[in-house]
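Student: Mind looking at a prediction? Sequence and model below.
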Amino acid sequence: MKKWQKSLILVLAFAVAILGSAIVTMQLTRREQTPAEAKTAEIGAYLDRFFIDDYDEDTLADAAASAMVEATGDRWSYYLTAEEKSSYDEQMQNAYVGIGVTITAQEELGGMRIEAVTAGGPAEKAGLLTGDIITEVEGEKTLDLGMTGTRTKVRGEEGTFVTLTILRGEESFPVSVERRSIQTPVATYEMLDGQIGYIKIANFDTRCAEETNAAMDELIAQDAKALIFDVRNNGGGYKNELVKVLDKILPEGILFQSEDYQGSKQIDRSDADCIDLPMAVLVNQDSYSAAEFFAAAIQEYDWGTVVGTKTVGKGNFQTAFTLSDGSMLNLSIGKYYTPQGRSLTDTGITPDVEIALSDEDDAKLYYGQLEKADDAQLQAAIREITQKLS
């Protein structure tokens, strides 16, 4: 089969997937080509016959598929290669095979700085510390690899080892670290001054409800007088995880509404059990989807104060279609609505108390380096809570 023909098959597979088929088996010869398909075939034929250099057919097919989805104009629909899908699956499971570090590029220091080390993870067991600089991975300089390349090279099959070159102060030395499956914490919590419970929700993917609800139980057991939920930089996740968390917090009523591409509507409701404590929710410009609807529900029930900056407004939901070669189409197939039936598309959530962080503090927040005493949004939420408690 010619290169362009193989590429054409994958491109056309997307056309069928967009019509709603999750598992696609293509038989192009069984029907007449559409004008769009004929154009693609023509381009492929010219490439195959006249193009002066060689080209990679998989790269061509991936580029064509990505362009097809991008041309819909929907910023939330996208195509992933098989390799990218593997990373996506890890992210959605809040688990990955690696060594358990968070890194940032530090060109002036000659490599990737370790910003955090997962407790009990392989890196900690190997003696790596926050502040260490990873200058090489398997002999390749991390500055040449870049952030993505470094992460990819550090990760691999569970049980294998990766050799890092570490710079600590003036000393440079090699460290061999075993790759292990690591679960990323979803909900972290602590008790702040004044018996205010603080819960940081990283996303609404796998284990979100389990960990968030357990965090609420633990803080209440410690006699928390109020709760602050931090969903800043939270990219959203699964609707079912969101509903389970809201069900624990809110009184009886509608929690969430959705409508799919066929017009089928679903309403999720809460029972009468709830947590009746003063609450606040922290949001920012990088709170997406489920994080926005979490804040919206609490706001519409007047169950807490939303603090921060306006959110982006992601009101569509997507379904992931896995294609025959292991690649993936993530396609918007429906719309989400708040308990009161509002769409957040392109409008987002406007906080009750609007307060922005400086660019420097925003970056520190993203990397987990912003001290709570210097977090203007958190401090504003604490003031709101304290007023309600007084």
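Tutor: Right, received. Where do you want to start?

Student: ranges for the strands of the stretch 251-390 of the chain?
Tutor: 253-260, 265-270, 279-283, 305-308, 316-322, 328-337, 353-354 (DSSP state E, counting those that start in this stretch).

Student: Out of the ones you listed, which is closest to M216?
Tutor: strand 279-283 (10.4 Å; Cβ to Cβ). (Each C-beta comes from the backbone N, C-alpha and C, glycine too.)

Student: What strands line up against that closest one, and which way round?
Tutor: strand 226-230 (parallel), strand 305-308 (parallel) (DSSP bridges).

Student: okay, those in CSV with distance to T104 next?
Tutor: Below are the strands paired with strand 279-283 laid out as CSV (distance: least, Cβ to Cβ, whole Å):
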stretch, distance to T104
strand 226-230, 21
strand 305-308, 23
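
Student: mind giving me a markdown table with those strands and columns for mean neighbour count and distance to E171?
Tutor: As requested, the strands paired with strand 279-283 are exported to a markdown table (neighbours: other Cβ atoms under 10 Å; distance: least, Cβ to Cβ, whole Å):
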| stretch | mean neighbour count | distance to E171 |
| --- | --- | --- |
| strand 226-230 | 26 | 37 |
| strand 305-308 | 26 | 42 |
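
Student: Now for the spatially most central residue of the chain: which residues touch it?
Tutor: Most central in the chain under Cα atoms, centre = their mean is G235, positioned 4.5 Å from the mean C-alpha point. With contacts defined as Cβ atoms under 8 Å, 6 or more residues apart in numbering, G235 is in contact with 203, 286, 288-289, 291.

Student: same question, L282
Tutor: 228-232, 307-308, 377-378, 381 are the contacts of L282 under Cβ under 8 Å, 6+ apart.

Student: next one: P185
Tutor: Taking Cβ under 8 Å, 6+ apart, one finds 94, 202, 211 in contact with P185.

Student: ok, now G127?
Tutor: So G127 contacts V175 (Cβ under 8 Å, 6+ apart).

Student: Tell me how many other residues crowd A380.
Tutor: A380 has 19 neighbours, counted by other Cβ atoms under 10 Å.

Student: Would you confirm that it contacts I355?
Tutor: Yes. Using Cβ atoms under 8 Å, A380 is in contact with I355, at 5.0 Å.

Student: Could you tell me which residues touch both of those two?
Tutor: V307.

Student: ok so, going back, now render the contacts of L282 as a markdown table, adding distance to V154.
Tutor: As requested, these are exported to a markdown table (distance: Cβ to Cβ, whole Å):
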| residue | distance to V154 |
| --- | --- |
| I228 | 34 |
| F229 | 32 |
| D230 | 28 |
| V231 | 28 |
| R232 | 27 |
| V307 | 36 |
| G308 | 33 |
| Q377 | 32 |
| L378 | 32 |
| A381 | 36 |
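
Student: got those as a markdown table, with distance to M216 and pLDDT columns?
Tutor: A markdown table is the format used below for the contacts of L282 (distance: Cβ to Cβ, whole Å; pLDDT from 0 to 100):
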| residue | distance to M216 | pLDDT |
| --- | --- | --- |
| I228 | 11 | 99 |
| F229 | 9 | 99 |
| D230 | 13 | 99 |
| V231 | 14 | 98 |
| R232 | 18 | 98 |
| V307 | 19 | 99 |
| G308 | 20 | 99 |
| Q377 | 21 | 99 |
| L378 | 18 | 99 |
| A381 | 16 | 98 |
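
Student: Could you measure from the nearest residue to Q33 once chain neighbours are set aside over to I228?
Tutor: Nearest residue to Q33, sequence neighbours excluded (Cβ to Cβ, 6 or more residues apart in numbering): A41, at 6.7 Å. According to Cβ to Cβ, to the nearest Å, A41 and I228 sit 58 Å apart.

Student: again with E136
Tutor: E136 is 41 Å from I228, by Cβ to Cβ.
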